[in-house]
Structures are given as C-alpha cells and as structure tokens.
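Q: Build me a model:
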Amino acid sequence: MTNNENELVEAVKKGLSDVCDKMTNNENEPKTTIALFKEFFSSTPIKERLANEKICYISLDEIERFHKRLYDILLEKPGDVFIAMSKAIKEINLENEDHDFNIRIKDVPITPLRDITSDRVGQLVSTVGIIKRITEPSFRLLNGVFECSACMRLHEVEQNNINNLIEPSLCMECGSRSFRLLLEESEYIDVQKLRIKGLNTSREIIISLEGGLISFDKYKINETALITGILKIDGKRQLIYCNNIETCFKKENILPDASFELDQDNNIGDRKSIGYKQWMNDILNRDDSTCVICGEKRAPHVHHIFSYKNHMGYRLDVENGVVLCRWHHHKYHDIYGKETANPVSLIEFLKEELL
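A: Numbering: from 1, shown residues only. From the prediction side, this is the model:
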C-alpha cells in the first residue's frame, strides 16, 4: 500500500474504534425516559407527594424545568410517557411500596376545542367545554383470563381493543384454538363517558374517563370542565382519553362580569381559579392560539400586558392579554422582569423581535 492508503486505513480503524468505545461506554449514552423519570420521582418534593397522596398532581412546568426532553415527548407521545412513568415509579424505592399511584398532569396549555384537529391525534391536549351528557359509570375488561377448552391451561390477554374481545390465538400447551373467558378471574376497570361542547363553537367531543376519574355524582350537566388527556380516534370519531379533569361552574357563570364576582371571596384573578383559566381561554380563542411575534401555535402562553402583580383590576381583562409562544414569553420576562410588565416594554420587545 502507498502511504496515503495506509493513512486512510488507519483513519478508518480509528473511526471504528471510536464508535465501538461510544457503544460500550454507558456514560456517553443518553438516559432513557424511564431513567429520567426515576430521577424526577426521586426528587424530594415529588417523592413526598407520591408517598403521601393517592393522586399525585404534576405540573407540566415542573417537568419542563427538570428536563426539556421529557416535556417535549410528554406533549408529543403521552401514551409512551405514561407507561414510562408507571415503570419508573415501580422501580424506585418509595416508603409505601404497595401504594397505588395515579399521576395527573396539570397546567397544560389550553387549546380551544374547535382548534383540536386530526394532526393532534396521539398528543396531549387540554381544552375547556360545557358538559352536555353523562353516562352512568360501568366497567370494561382490562385483562382477560381464558381457559383452554382442551387442556384447561390458563392464558391472560390484555384487552387493548375496547370494542372487541381479544382471545388467545393458540394454546401454548396443546395447540387448541378453543377458549372460554373466566369472568370472575379476569381484571376490570371502571369507565364512564362525558360529552362536552366547546366554548364559542358548536363542536362536541366525547371524553373517556377510567379508574379514579369516574363518579356517580361529581359531574353535572351544563357544568364547565377543564379536560386534559390524549386525543385518540375511535372508528371515525375523535375522543379524549382523560388524564385529568377539573369541574368548574355552570355555563351562565362564564361571562366576563361573573368571573370577577366569582373570585371576590378569593383573590381576584387567582391563577388557580376557573375565572383565570377562562380569561386565558378567551384570549387564546381571540388570537387563534398564535404567538403575535413568530406565529408559533405550539404551547401558547397568555401574557399580561400590565403586570399580574401590580394591576389586580386588569388581571381578568381580555384587553390586558396577548398570546406569546413559550420561548418569547420567557425571553420577555428574562429581559424586563415579571413585576414590571407594561405596554411600553412590550412594544419595545416586539420591535426588537420583529426587526
């Protein structure tokens, strides 16, 4: 070989060696979603909540602050993330190992129901609507236990299809294809459905509730509800598999004037109040959930033009709100602070960003 050829061979060998080193060195590999959630759930505040509460509410902002990647995949692939969360909780050492955990996600950016389209299928969505119909709680098969008709061997089959019974395809013991479902040995889950109508639209959607979310008396017709869950397709219709639901107040109370009245006993415009969430939803509807700077629609934030802290009377005024994307909202407050927000600094910020 010529010198150039030898140099080329050596370079290739070195490149392969580097690749092998990276493949065998676990420290260089990115952490799995389960590993990241194990760290998240092991943090002191979260671990205390898991140890003491049957239902653990986790803010989307908490997850974003911990790790941006978890935030992104939770919005895009929530089904996979919820599975990873369950596995992570089972693997970490908690004070009560037999505790049954229900993780509820809150503070997800609200999307008007009319704007939830087919491109959001499989994603985590949050919307507000009026409850128009409530079914009586019932149950569905979660894991079926089947007995082989020939050799009586038992087979457990997870029931992923809510409309059709999934049987074993073949007995692993004798090869038989004949089975009977053992009803008393099988596992079930409580289910319930709501139908909600979006605000300022005629569109309606089915909300599927399971487990701890079902209730015989919690939900009421014409009550406003904030729904967070996974958008899915059942046949030709869309529905939301609910992860978290907050019931609010009757339809006539969602008028702007009533929002102030409802909050008088609490702080006006308290961020946890339904009036505040309705204010956000009204502005998202008005601005089509679109950042006024870059046109981004994903994860919209509602920004107070006059600061929330120093202008209590403007907290729920729809004219005091504008939609910014999460990035521009954080950037504005990083530059100008949170307590001194005002129209002058906002106009200055818009000019800088639009140039």
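Q: who does H304 bridge with?
A: G321 (DSSP bridges).
Q: And for it, the neighbour number?
A: Counted with other Cβ atoms under 10 Å, the neighbours of H304 add up to 21. Quick note: C-beta positions are derived from backbone N, CA and C, even for glycine.
Q: Which residues are in contact with it?
A: Contact analysis of H304 by Cβ atoms under 8 Å, 6 or more residues apart in numbering lists 311, 314-315, 320-321, 341.
Q: among the helices and strands of the protein, which one scores worst on average pLDDT?
A: Counting by mean pLDDT, DSSP states H and E, the chain has its least confident helix or strand at helix 256-262, which shows a mean of 34.
Q: List the single closest residue to Y71 in space, sequence neighbours excluded.
A: Leaving aside its chain neighbours, Y71 sits nearest to E64 (3.9 Å; criterion: Cβ to Cβ, 6 or more residues apart in numbering).
Q: Output the contacting helices and strands for the host helix or strand of the one you found.
A: Here E64 sits within helix 60-66, counting by DSSP states H and E. Applying 3 or more Cβ pairs under 8 Å, 6 or more residues apart in numbering; DSSP states H and E, one finds that helix 60-66 contacts helix 33-42, helix 68-76.
Q: still on that earlier bit, now, which of the contacts of H304 sits nearest A84?
A: G321 (35.1 Å; Cβ to Cβ).
Q: For the closest one, give its distance to D115.
A: G321 is 17 Å from D115, where distance means Cβ to Cβ, to the nearest Å.
Q: Of those two, which one has the most company?
A: G321 (21 against 18).
Q: Who are the contact partners of that one?
A: When contacts are counted by Cβ under 8 Å, 6+ apart, G321 touches 279-280, 283, 302-305.
Q: tell me the mean pLDDT over the longest strand belonging to the chain?
A: Counting by DSSP state E, the longest strand found in the chain is strand 237-250. Confidence for strand 237-250, expressed as mean pLDDT, is 83.
Q: For that strand, buried residues please.
A: In terms of neighbour count (16 or more other Cβ atoms under 10 Å), strand 237-250 has its buried residues at 238-246, 248-249.
Q: for that strand, packing partners?
A: Judged by 3+ Cβ pairs under 8 Å, 6+ apart, the packing partners of strand 237-250 are strand 102-106, strand 124-134, strand 204-210, strand 223-234, helix 274-286.
Q: Save the ones you listed as JSON lines, and put in distance to F37 and mean pLDDT too.
A: Shown next, in JSON lines, are the helices and strands packed on strand 237-250 (distance: least, Cβ to Cβ, whole Å; pLDDT from 0 to 100):
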{"stretch": "strand 102-106", "distance to F37": "10", "mean pLDDT": "89"}
{"stretch": "strand 124-134", "distance to F37": "15", "mean pLDDT": "92"}
{"stretch": "strand 204-210", "distance to F37": "21", "mean pLDDT": "94"}
{"stretch": "strand 223-234", "distance to F37": "17", "mean pLDDT": "91"}
{"stretch": "helix 274-286", "distance to F37": "27", "mean pLDDT": "87"}
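Q: Throw the ones you listed into CSV and include mean neighbour count, thanks.
A: Below are the helices and strands packed on strand 237-250 laid out as CSV (neighbours: other Cβ atoms under 10 Å):
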stretch, mean neighbour count
strand 102-106, 18
strand 124-134, 21
strand 204-210, 19
strand 223-234, 19
helix 274-286, 21
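Q: Turn these into CSV, columns for distance to F349.
A: Shown next, in CSV, are those (distance: least, Cβ to Cβ, whole Å):
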stretch, distance to F349
strand 102-106, 29
strand 124-134, 27
strand 204-210, 36
strand 223-234, 30
helix 274-286, 18
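Q: I'd like to know which of those lies nearest to E167.
A: strand 223-234 (21.2 Å).
Q: any weak-confidence spans in the stretch 1-150 of the chain?
A: Along the stretch 1-150 of the chain, the model assigns pLDDT under 70 to residues 1-30, 44, 52, 93-101.
Q: doesn't G198 make contact with E204?
A: Yes: using Cβ atoms under 8 Å, E204 is in contact with G198, at 7.3 Å.
Q: what do those two both touch?
A: Contact with both E204 and G198 is made by residues G129, according to Cβ under 8 Å, 6+ apart.
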